[in-house]
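> Sequence and predicted model, in that order:
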Amino acid sequence: MLTDSAIRSAKRAERPRKLSDGGGLYLLIAPNGGRYWRFNYRFAAKQKTLALGVYPDVGLAKARERHQEARRLLADDIDPSAERKTTSKTFEEVARAWHAHWKSNRHERHAHYVLKRLEADVFPEIGSRRLGEIPTSAFRDVARKIEQRGAADIAKRVLQTCGQIMRYAMANDLATHNPVAGIKPGDVLKPRTRRNYPRIDQNELPKLLKAIDAYVGADHTRLALQLMALTFVRTSELIGARWSEFDTTAARWTIPAERMKMKTPHIVPLSRQALAVLQQLRELSFDRELVFPGDVQPTKPMSNNTLLFALYRMGYRGRMTGHGFRGVASTILHEQGWPHDHIELQLAHQERNSVSAAYNHAQYLQPRAQMMQAWSDYLDLRRKEKTDEAQQEAA
């Protein structure tokens, strides 16, 4: 086995000489002092040699990595030399060709976001590399680098997108194998503990919205459910709301760090519909500090179970929770093509360090405000669907 010190101290000779590293990999030292990595192998009963790079541009570790990748191809009955010829395009070139093909039946916003994600996280790392020279470990490292900044969901999506790109490359004879096919996000990214909350299917949303509007219990409870559907904040964040947190002129609700799961401030842009609900709540507040005071102790927020039991009484036991509004909103907004980053920020999912917290909580405010207004308008349309159905049945 070679070492870096042995390579550096090796002297050139009048004739080419080889320094073997085992398994057919060796460093060829030319009489002029040039040092070239080579791999001797047999394929289809023929002796062949594959060039793996020039030392020191390609160091010992990188040469071994390329050597192992070539051996893996041989194990899959693929000629590494032929693979090199068929994969002369760079990953970025193929990725952009895939995107142009893939985006035709996707929402414009979603297609734009996927490309921007590649440009920000993938192309700087492996975009200039030839397809046949990119090992599985390179894709793994890209995903882990994204994960390290606290964007685990984006890391997972990037890995999946890279797999789609490589499948496109194989289908169009631009690659003979897919180095991402053998790995799943769970193989290289840290597992995330998730709690699954019951939630309705989006087809049931119109019926639920009408049930909330017709709720015969306390007005505070009905309005709390309406505001939760419009803002999809966590139940604890909603019921602990104080009037001092709302700026109705700027149409913003700023939840302080101490009330947030991520312990950083969170801004909720308020739609016209959310502002209308707040106006109704203001008329019920009687100058109390809390937006949703408890019935027995008005100086304390209503109970977590208040909203849950209201959903039970409407017939949604085991089918919907306060937290379920978040899942419904996330699913529908993603399907509508809103950028993943905007949705995650609005859900206050993205983990933030103390340095970036003050910036991130206010990031993408304008497009998030547009998204929240579009979401409220969407709920109005779904609510109208149920009303129209009821009128048709009555007729």
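Done, it's in. All values derive from a computational prediction rather than experimental measurement. Numbering: from 1, shown residues only.
> quick one, domains of the chain?
Domain segmentation of the chain under automatic domain parsing yields 4-85, 91-188, 202-350+360-394.
> would you turn those domains into JSON lines with mean pLDDT and mean neighbour count?
Quick note: C-beta positions are derived from backbone N, CA and C, even for glycine. As requested, the domains of the chain are exported to JSON lines (pLDDT from 0 to 100; neighbours: other Cβ atoms under 10 Å):
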{"stretch": "domain 4-85", "mean pLDDT": "89", "mean neighbour count": "15"}
{"stretch": "domain 91-188", "mean pLDDT": "87", "mean neighbour count": "18"}
{"stretch": "domain 202-350+360-394", "mean pLDDT": "90", "mean neighbour count": "17"}
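> tell me the contacts of Thr161?
Val114, Arg117, Leu118, Val122 (Cβ atoms under 8 Å, 6 or more residues apart in numbering).
> And the helix or strand harbouring it, how far out from the chain middle?
Counting by DSSP states H and E, the element that carries Thr161 is helix 152-171. Counting by Cα atoms, centre = their mean, to the nearest Å, helix 152-171 is centred 12 Å from the centre of its parent chain.
> May I ask you to name the longest helix in the chain?
Counting by DSSP state H, the longest helix found in the chain is helix 365-394.
> can you pull out the strands in this structure?
17-22, 25-29, 35-43, 46-55, 246-247, 252-255, 266-269 (DSSP state E).
> Reformat those as CSV; add distance to Met166.
Compiled in CSV, the strands of the chain are given as follows (distance: least, Cβ to Cβ, whole Å):
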stretch, distance to Met166
strand 17-22, 29
strand 25-29, 25
strand 35-43, 23
strand 46-55, 21
strand 246-247, 48
strand 252-255, 42
strand 266-269, 38
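> closest one to Ala138 among these?
strand 46-55 (14.9 Å; Cβ to Cβ).
> What is that closest one packed up against?
strand 35-43, helix 60-75, helix 80-86 (3 or more Cβ pairs under 8 Å, 6 or more residues apart in numbering; DSSP states H and E).
> end-to-end on stretch 307-318?
13 Å (Cα to Cα, to the nearest Å).
> Which residue, other than its chain neighbours, is closest to the residue nearest the centre of the chain?
In the chain, the C-alpha nearest the mean C-alpha coordinate belongs to Ile154, at 2.5 Å (Cα atoms, centre = their mean). Spatially, and ignoring its direct neighbours in sequence, Ile154 is nearest to Ile146 (5.5 Å; Cβ to Cβ, 6 or more residues apart in numbering).
> Tell me the spacing between that neighbour and Glu92.
Per Cβ to Cβ, to the nearest Å, Ile146 is found 17 Å from Glu92.
> Gly322 now?
Applying Cβ to Cβ, the value for Gly322 to Glu92 is 44 Å.
> try Arg117
13 Å.
> and if you look at Arg17?
In terms of Cβ to Cβ, Arg17 sits 38 Å off from Glu92.
> With His101 instead?
His101 is 15 Å from Glu92, by Cβ to Cβ.
> Same check on Pro31?
Distance from Pro31 to Glu92, by Cβ to Cβ: 38 Å.
> give the contact list for Pro198.
Gly318, Arg319, Met320, Thr321, Gly324 are the contacts of Pro198 under Cβ under 8 Å, 6+ apart.
> Verify the stated contact: the second one with Lys207.
In this case it means Arg319. No. Using Cβ atoms under 8 Å, Arg319 is not in contact with Lys207, being 11.1 Å away.
> which residues does the nearest residue to Arg15 once chain neighbours are set aside contact?
Using Cβ to Cβ, 6+ apart and skipping residues adjacent in sequence, the residue nearest Arg15 is Pro31, 6.7 Å away. The contact partners of Pro31, by Cβ under 8 Å, 6+ apart, come to Arg12, Ala13, Glu14, Arg15, Pro16.
> returning to that earlier point: so of the contacts of Pro198, which ones are in helices?
Per DSSP H, helices hold the following members of those: Gly324.
> what's the closest of the contacts of Pro198 to Gly53?
For the contacts of Pro198, the nearest to Gly53 is Gly324 (54.1 Å; Cβ to Cβ).
> contact partners of stretch 205-219?
Outside stretch 205-219, the residues touching it (Cβ under 8 Å, 6+ apart) are 200, 221-222, 225-226, 229, 280, 284, 295, 310, 313-316, 320, 328, 379, 382-383, 385-387, 389-390.
> mind running it again at 7 Å?
For stretch 205-219, contacts defined as Cβ atoms under 7 Å, 6 or more residues apart in numbering pick out 200, 221-222, 225-226, 229, 284, 295, 310, 313-314, 320, 328, 379, 382-383, 385-386.
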